[in-house]
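Trainee: sharing a sequence plus its predicted fold:
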Amino acid sequence: MNYEPVMGLEVHAQLKTQSKIFCGCSTKFDAKENELTCPVCTGMPGCLPVLNKRAVEFAIKMALATHCNINEKSIFARKNYFYPDLPKGYQISQYDKPLAQKGVVEISIDGQVKKIRLHRIHMEEDAGKNIHGTISSYVNLNRAGIPLIEIVSEPDVRSSQEAGAYLRELRSMLRYLEVCDGNMEEGSFRCDVNVSVRPVGQKEFGTRCEVKNINSFRFVEKAIEYEIQRQIEVLESGAKVIQETRLWDSDQNKTFSMRSKEEAHDYRYFPEPDLLPLMIEQHWVEEIKRTLPELASEKKLRFMKMYQLSEYDASQLVQEKFLAQYFESVVELCKEPKLVSNWILSELLREFGPEQVASCPMTPQHLGELLVLITNGTISGKIAKHVFGKMLETGQAPQAIVEKEGLVQVSDHVQIEALVIEVLKEQKAFVDKYLAGQTKLFGFFVGEVMKKSHGKANPAMVNEFLKKKLKGV
């Protein structure tokens, strides 16, 4: 029997505010254990939460970017469950009246655009973290009260590839909006996946299992593929899939059962009595909308149209907001977008990852000046790569390195013609072979001329003179 996977994803994104959602404690990541706590976020009796306005603003930004309907009135609720890292015994979240609903995120798979519908975006606080050692365990509550948004999709995802594309698009949006740093290793962006399978053609969904807190795109894709195959094998054996929560073991590349899956009624949701309903005025939403930046998907289309770049090149250049800005800054100096794109994607990203470009020593100004030296014939592309390396080592401007090392390209007709004649005389045996039909030797002659000029000869002029001389031999 053929089976079809059906998946919905729940993404938790930590909002990049300076303080927690209901108190003034810092959200700094690398503080000492339990240093960033107060009576509010540690759940002491009689302490009242106060909502962080900036957290609401950031949540609205993401809701607008994903085309959600923003509810004029939303309500915080108590989600009751007990874990050591949840000191109040409940989490302040949103339930039946969330901040935003009915959005959409577009993904591209093999050139085909697919829309993944969003069920809701709601706000909530994070829990603390249990730290397990070899002989003891303790709770670090620094993370308790960190502001989160939970982005819940409809069950529209049909493959691990689609899930990966959806998560990458969400992370890109959050980073472009500057409302979340998207750091998966630090838990700022993490995902739960609800996976089920059903026979092809069946309308009813299968029994779903939730795989929790996966913190890398690759692991999400591998966990989905494993879980799909596991559920198919269960059904093929004649058994039933049990609804449960499972964890991903990246060492064994498999999921394992954590607990039976809770339903909404298990959490005994009720409105948070210490917080008023959240009322969102339309004029505030409009103010926030005017601050939204051009997102990666929009920027990619503009780069393809405005700069005549391929879809692949444009996709690579917009994967990080600063990288896209870097590209456009260089293009302002060097007016050849394709050349700029090639150098950024090949030379710059060979040295630095896309997220490192913002802090790399190669400024857009210096790279632009280097590429101008190529386009105006001052240096060759080969010499430019040498200069590029020197720029990274010293931080000097390209013109200074070229002048200091005497690297100006030779474009004098007389000098180049003389070099070509000299090479053809020295390599008479290879000239005879070339004239006998071994035309691939042309590259050899070019290399010999460049060697004699110490790489300074203008390659285009070398090619031109070689063609003329070899015809006249």
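Mentor: Received the coordinates, thanks.

Trainee: can we go C-alpha only for contacts and neighbour counts from here?
Mentor: Noted.

Trainee: enumerate every residue touching C47.
Mentor: For C47, the contacting residues are P39, V40, by C-alpha atoms under 8 Å, 6 or more residues apart in numbering.

Trainee: partner strands of the biggest strand by length in the chain, parallel or antiparallel?
Mentor: In the chain, assigned by DSSP state E, the strand with the most residues is strand 112-125. Paired with strand 112-125 in the same sheet, following DSSP bridges, are strand 100-109 (antiparallel), strand 147-153 (antiparallel).

Trainee: got the buried residues for it?
Mentor: By neighbour count with 16 or more other C-alpha atoms under 10 Å, strand 112-125 contains the buried residues K114, I116, R117, L118, H119, R120, I121, H122, M123, E124, E125.

Trainee: list of residues touching it?
Mentor: 21, 56, 59, 63, 68, 91-95, 98-108, 144-154, 156-157, 166.

Trainee: does E178 touch T17 like I think?
Mentor: No - when contacts are counted by C-alpha atoms under 8 Å, E178 is not listed as touching T17 (10.1 Å).

Trainee: specify the stretch among the strands paired with strand 112-125 that is closest to Y312.
Mentor: Each of these has some distance to Y312 by C-alpha to C-alpha; the shortest is strand 100-109, at 11.8 Å.

Trainee: any buried residues in that closest one, and which?
Mentor: So for strand 100-109, counting by 16+ other C-alpha under 10 Å, buried means A100, Q101, K102, G103, V104, V105, I107.

Trainee: distance of the last one relative to M306?
Mentor: The span separating I107 from M306 equals 22 Å under the rule C-alpha to C-alpha, to the nearest Å.

Trainee: cool, the fifth one as well?
Mentor: With distances taken as C-alpha to C-alpha, V104 is found 26 Å from M306.

Trainee: output the buried residues of strand 100-109 as CSV; include the columns distance to L48 and pLDDT.
Mentor: Below are the buried residues of strand 100-109 laid out as CSV (distance: C-alpha to C-alpha, whole Å; pLDDT from 0 to 100):
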residue, distance to L48, pLDDT
A100, 25, 98
Q101, 28, 97
K102, 32, 96
G103, 32, 97
V104, 35, 97
V105, 36, 97
I107, 42, 94
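
Trainee: domain map for the protein?
Mentor: For the chain, the structural domains run 3-288, 296-405, 413-472, going by automatic domain parsing.

Trainee: endpoint to endpoint, the longest one covers what distance?
Mentor: Spelled out, it's domain 3-288. End-to-end for domain 3-288, by C-alpha to C-alpha: 44 Å.

Trainee: how about the second one?
Mentor: End-to-end distance of domain 296-405 (C-alpha to C-alpha): 41 Å.

Trainee: next one: that domain to chain centre, how far?
Mentor: 20 Å (C-alpha atoms, centre = their mean, to the nearest Å).

Trainee: what mean pLDDT does it get?
Mentor: For domain 296-405, the mean pLDDT works out to 95.

Trainee: what about E4, which SS state?
Mentor: At E4 the chain is in strand, as set by DSSP: H, G, I helix; E, B strand; the rest coil.

Trainee: ok, now V241?
Mentor: Secondary structure assignment for V241 (three-state DSSP): coil.

Trainee: phi, psi of it?
Mentor: When read as degrees, to the nearest 10, the backbone of V241 gives phi -70, psi 130.

Trainee: OK, contacts around it?
Mentor: Taking C-alpha under 8 Å, 6+ apart as the test, what V241 contacts is T207, R208, Q231, V234, L235.

Trainee: highest neighbour count among the residues you listed?
Mentor: Using other C-alpha atoms under 10 Å as the neighbour criterion, Q231 leads these with 25 neighbours.
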